[in-house]
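> Quick one, what's the 3D model for this:
(chains A and B)
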Amino acid sequence: MLTNSDKKAKEKKTIREYALGLNAKTKDIIQSWMFLGPSVLGVTVFFILPFLVVVYYSVIRSPLNPEFVFLQNFENVLGNAAFKIAVKNTVDFSIISVPLAVILSLGLALMLEEKIPLKSQFRTFFLSPMMVPVASVVLIWQVLFHNNGVMNEILMNFGAEKIDWLKSEWALGVIVILYLWKNLGYNMILFMAALANIPRELLEAAEVEGSSSFYKFFAIKLRYLSPTVLFVTILSMINSFKVFREIYLLTGEYPIERLYMLQHFMNNTFESLDYQKLSAAAVLMAIAMVVIIAVLFRIEDAFGKDVEG
Amino acid sequence: MKKKKYFGRFSMFIISAVFAFLFLMPTVLTISNSFMEQSELNANYGMIFSNITSDVKTYISDSVTLKFIPDKVSFSQYITALIKSPDYLFKFWNSVILVVPIVLLQVGTAALAAYGFTRWRGKFRSFMFFFYVILMLMPYQVTLVPNYLVSEWVGILNTRWAIIFPGMFAPFSVFLLTKFMRRIPKSLIEAAKLDGAGEWQIFTRICLPQCRSALYSIAILVFIDYWNMVEQPIILLQDASQQPLSVYLSQINAGEVGIAFAVATIYMIPTLLLFLHGEEYLVEGIAHQGSVKG
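All right, here's what the predicted structure looks like:
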C-alpha cells in the first residue's frame, strides 16, 4: 500500500503534468469537469437558467410591464379555487397511490420469490404494461370503465346499479388502478432484485432458530430492503405525476372535479398564456418538491447508516 | 407442517396467476383487437365508441363483450395502416429519429456525468446532484415552460432539436447511473489507478463494463418513456409532419378504434423486441446494483 505522500510524489513525477505546467489538483478538477461538463452545461442551459426566468416571471406583473410585485402572483395562485382543488386532488392521488404502489409491488415480489411454477413468465406478464402505448391503454380503460363498459356489464349481471366510473366518486379509484397496473411491474422487479441480495446466511440462521416468517420479514428482509423502499417511493412519485397523460386522454381538459389535477391547472394556464400564474404555480410546486426530497434524503441517510452499520 | 407450506405455495400461485392475467389482459386485448374487423369491434364494444359511427348504419349491440379471439382473423386494419395510408409509417419513422438519438445521447451524457459524480464529491457537486434529483422529480408541466422559453431563444422551437436537447440532458439517467456507479468497489478503481490508468481509461475499461446491464436497463426505460411521449411534441414541435406516432395515437378518435389497435400493436413491436432481448438485463442490471454493495 502506498501512503498518501507516496501517491503525491508519484503523481508529481508524471512528465505530462510538467509539460502542461499543471499541478495535480488543478488537473483533477479539470478532469472532473470533463466528465461532468456536458451534462451540467446542458442542464444549466435547458433547465436551470430557464427556471430562474420562471422565478423572475413569478415576481413581476407581466413580461411587458416588468414591475416587481413580489408575492402578489403567489397570492393570486394560492387564492385561486381551481388551484386549491388541483392541489388537493394531486395530494390525495399521491397519498393513495404511492404507498399502494410500494406495498403491492413488495407483496408481488415476495410472492414471486417463493418457488412457484411459471415464475419467470409471470414476471414478464407483470412488466407487459410498460410496453402498451398510451392510446390503447386509454381505449381499453374506456372499454372497461365506460358507462356501457365491461365493469358495468358485470355489475348488472349481479343485479347492481350501473356506475359511470369516470364521472363518479370512483373516478380517482379508476385512475389509481390504471397507475398501479402501469407501475407495479417495474417496482416489483426492483424489489425482487433487492430480495435476492439479502444474505442467505441471515435468513437460514433465522430458520434454524425457528423464527416465524413474520419475524423474518420485519426483522431481516425489511431492514435490507429499506434503501429500495425509498428508491421505489421516489420512482413512484415521479410516475404518479405522469399519470396525468392518461387522465387527460381519458377525460379531456376539464374532467370532473375529483380528477382535476395540478397538471390540468398548469396545462390550462399554459394554454391561456397566463405566464404569471403559471410561473408562480411552478415555483410553488418546485418548493414543495424540494421539501419532500430533502425529507426523503434525510430518511435515506438515517436508514442507510442503519443497514451498512 | 409440510402440507401447510404446499397449500401456501398453491394459493400464492393462484393469486399471482390472477394478477398476472389481469396485468397481461390489456396487452393481449390490444393485439387481438388489431386483428378484428371494424364491424366486429362495433359488435363487441357496442355503445362505447358509437358516438362517432352513429351516422353510419352499422350494427351496434347494446352490450359489451370482451373477446380475446377474433371471430375472423382479418389483416384489413394492418393493410390500411401500412399500405393504404403511408402517413403512419412516416410518423413511425419520426418516432425513431426522435427517440433513438435521445436514448443514445442521454445515456452517453449520463454515463459521463455519473462517473463525475461518483469519482469527485465536493460540496458543489453534491449540491448539483441534489439539484438533479429535484429536476428529475419535476412534472413535465413545470419544465415545459422553461423548455419552451429556451427553445425559442436558441431558435430550435419547432425543430426536432427542441425535443432532443432537453431529452439528452434529462437528469433521470444521471441519477440512476450514479446510484449504480457508486456501488462499484473503490478498490477496483484504486487498483487501476495504481497500475497507472488515467481517468478516461478507468471510465471506459472498468466503469462502463461494470455498468453494462445497468446501461442497458436504463436505455430501455428511457426508450419506453420517450417512445410514448405526448406532451413535449405537442408543445415544442407543432409541425404535424414531424410529430411522432405517439402523438397521433393519443389523438385518435373513437371512429378509428380498429386502426388504432393495429397501429398501437405495430408501435409496440420495438418495445417488445427490446424487452425480449433485454429483460434479463433489466433484472440483472438492478440486481447488480445490490450485489456489489455487499
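> average model confidence for stretch B:174-184?
For stretch B:174-184, mean pLDDT rounds to 83.
> now could you export just the CA positions of it as CSV?
The C-alpha trace of stretch B:174-184 is given here as CSV (Å, rounded to 0.1, in the frame of the first residue of the first chain):
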residue,chain,number,x,y,z
VAL,B,174,-27.7,10.5,-14.4
PHE,B,175,-29.4,9.8,-11.1
LEU,B,176,-29.9,6.1,-11.8
LEU,B,177,-26.4,5.6,-13.2
THR,B,178,-24.7,7.5,-10.3
LYS,B,179,-26.5,5.1,-7.9
PHE,B,180,-25.1,2.2,-9.8
MET,B,181,-21.6,3.5,-10.2
ARG,B,182,-21.2,4.5,-6.6
ARG,B,183,-21.5,0.8,-5.8
ILE,B,184,-18.6,-0.3,-7.8
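> what's the domain layout of the chain?
By default, I'm working from chain A. Using automatic domain parsing, the domains assigned to chain A come out as A:4-58, A:75-308.
> You answered for a different chain; I wanted chain B.
Per the record, chain B has its domains at B:30-74, B:84-293, by automatic domain parsing.
> Please identify which of those is closest to chain A.
Closest to chain A of the domains of chain B is domain B:84-293 (Cβ to the nearest Cβ; 3.1 Å). The way it works is simple: take the backbone N, C-alpha and C, and place the C-beta from them, glycine included.
> what ranges do the helices span in the stretch 201-309 of chain A?
Secondary structure of the stretch 201-309 of chain A by DSSP state H, counting those that start in this stretch: the helices cover A:213-215, A:222-242, A:244-251, A:262-271, A:275-308.
> mind showing which ranges of chain B have poor pLDDT?
Scanning chain B with the threshold set as pLDDT under 70 gives B:1-5, B:42-44, B:46-66, B:253-255, B:282-294.
> for the stretch 201-309 of chain A, same thing?
For the stretch 201-309 of chain A (pLDDT under 70), the answer is A:303-309.
> Tell me which residue is most central in the chain.
Went with chain A since none was named. Per Cα atoms, centre = their mean, the C-alpha nearest to the average position across chain A is that of residue A:238, at 2.1 Å.
> Can you look at chain B instead?
Centroid check for chain B by Cα atoms, centre = their mean gives residue B:224 as the closest residue, at 0.8 Å.
> Can you verify my assumption that the residue nearest to the centre of chain A contacts residue B:136?
Yes - using Cβ atoms under 8 Å as the test, residue A:238 is close enough to residue B:136 to be in contact (6.8 Å).
> Can you work out which residues contact both of the two?
Contact with both residue A:238 and residue B:136 is made by residues residue B:172, according to Cβ atoms under 8 Å, 6 or more residues apart in numbering or on different chains.
> returning to what we had before: could you export the domains of chain A as TSV, including distance to residue B:6?
Formatted as TSV, the domains of chain A follow (distance: least, Cβ to Cβ, whole Å):
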stretch	distance to residue B:6
domain A:4-58	53
domain A:75-308	11
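> and stretch A:270-284, how far out from the chain's middle?
Offset of stretch A:270-284 from its chain centre (Cα atoms, centre = their mean, to the nearest Å): 23 Å.
> next one: stretch B:16-26
Mean-position distance between stretch B:16-26 and its chain equals 20 Å (Cα atoms, centre = their mean).
> picking up where we left off before, can I get the helices of the stretch 201-309 of chain A in CSV with distance to chain B?
Shown next, in CSV, are these (distance: least, Cβ to the nearest Cβ, whole Å):
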stretch, distance to chain B
helix A:213-215, 9
helix A:222-242, 4
helix A:244-251, 6
helix A:262-271, 4
helix A:275-308, 5
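> Just put those in JSON lines and tack on distance to residue B:141.
Compiled in JSON lines, the helices of the stretch 201-309 of chain A are given as follows (distance: least, Cβ to Cβ, whole Å):
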{"stretch": "helix A:213-215", "distance to residue B:141": "43"}
{"stretch": "helix A:222-242", "distance to residue B:141": "8"}
{"stretch": "helix A:244-251", "distance to residue B:141": "8"}
{"stretch": "helix A:262-271", "distance to residue B:141": "4"}
{"stretch": "helix A:275-308", "distance to residue B:141": "8"}
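> Over to the closest residue in space to residue A:113 that isn't next to it in sequence: give its phi and psi.
Leaving aside its sequence neighbours, residue A:113 sits nearest to residue A:195 (Cβ to Cβ, 6 or more residues apart in numbering or on different chains; 5.4 Å). Per-residue torsions, residue A:195: phi -60, psi -40 (degrees, to the nearest 10).
> pLDDT wise, what is residue A:195 at?
Confidence at residue A:195, expressed as pLDDT, is 83.
> Fine by me, we can end here.
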